[in-house]
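Q: model the following, please.
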Amino acid sequence: MKMKIACLSVLVLALVAGCTTGADKLNTIRIGMTKAEVIAQLGPPDSTSAQANI
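A: Okay, here's the model as predicted:
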């Protein structure tokens, strides 16, 4: 039982740490930044997509 609680605690901490790291990076983005500046802050995109008529 203690092992399950320990594993669950580690999982929750990892998820929380992952979420806060992304939010910190997003808070550095400002209106007027160039595409190159945004990529320098966040890194290259994992994927891109487009939708017609939007």
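
Q: which helix in the chain has the most residues?
A: helix 2-26 (DSSP state H).

Q: going by contacts, tell me the helices and strands next to that helix.
A: helix 35-42 (3 or more CB pairs under 8 Å, 6 or more residues apart in numbering; DSSP states H and E). All C-beta spots, glycine's among them, are computed from the backbone N, C-alpha and C.

Q: sketch out the low-pLDDT regions of the protein for me.
A: The model of the chain has pLDDT under 70 over residues 17-22, 54.

Q: how about 90 then?
A: Within the chain, the stretches with pLDDT under 90 are 1-28, 42-43, 46, 50-54.

Q: what residues does the longest helix of the chain touch?
A: For helix 2-26, the external contacting residues (CB atoms under 8 Å, 6 or more residues apart in numbering) are 41-42.

Q: now do stretch 42-54
A: The contact list for stretch 42-54 (CB under 8 Å, 6+ apart) reads 25-26, 29, 39.

Q: measure how far stretch 40-49 is from the centre of its chain, please.
A: 11 Å (CA atoms, centre = their mean, to the nearest Å).

Q: going by neighbour count, list what's buried in that stretch.
A: Within stretch 40-49, no residue counts as buried by 16 or more other CB atoms under 10 Å.

Q: adjust the sequence numbering to begin at 20 for everything that follows.
A: Yep, numbering from 20; the last one is stretch 59-68 now.

Q: just the C-alphas of it, formatted as PDB.
A: Taking Å, rounded to 0.1, in the frame of the first residue of the first chain, the C-alpha atoms of stretch 59-68 are listed here in PDB:
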ATOM      1  CA  ALA A  59      13.800  31.400 -29.300                       C
ATOM      2  CA  GLN A  60      11.700  31.500 -26.100                       C
ATOM      3  CA  LEU A  61       9.600  28.400 -26.600                       C
ATOM      4  CA  GLY A  62      11.600  26.300 -29.000                       C
ATOM      5  CA  PRO A  63      10.400  25.000 -32.400                       C
ATOM      6  CA  PRO A  64       6.800  23.800 -32.700                       C
ATOM      7  CA  ASP A  65       6.100  20.100 -32.500                       C
ATOM      8  CA  SER A  66       3.600  20.400 -35.400                       C
ATOM      9  CA  THR A  67       1.700  23.000 -37.300                       C
ATOM     10  CA  SER A  68      -1.700  23.000 -39.000                       C
END
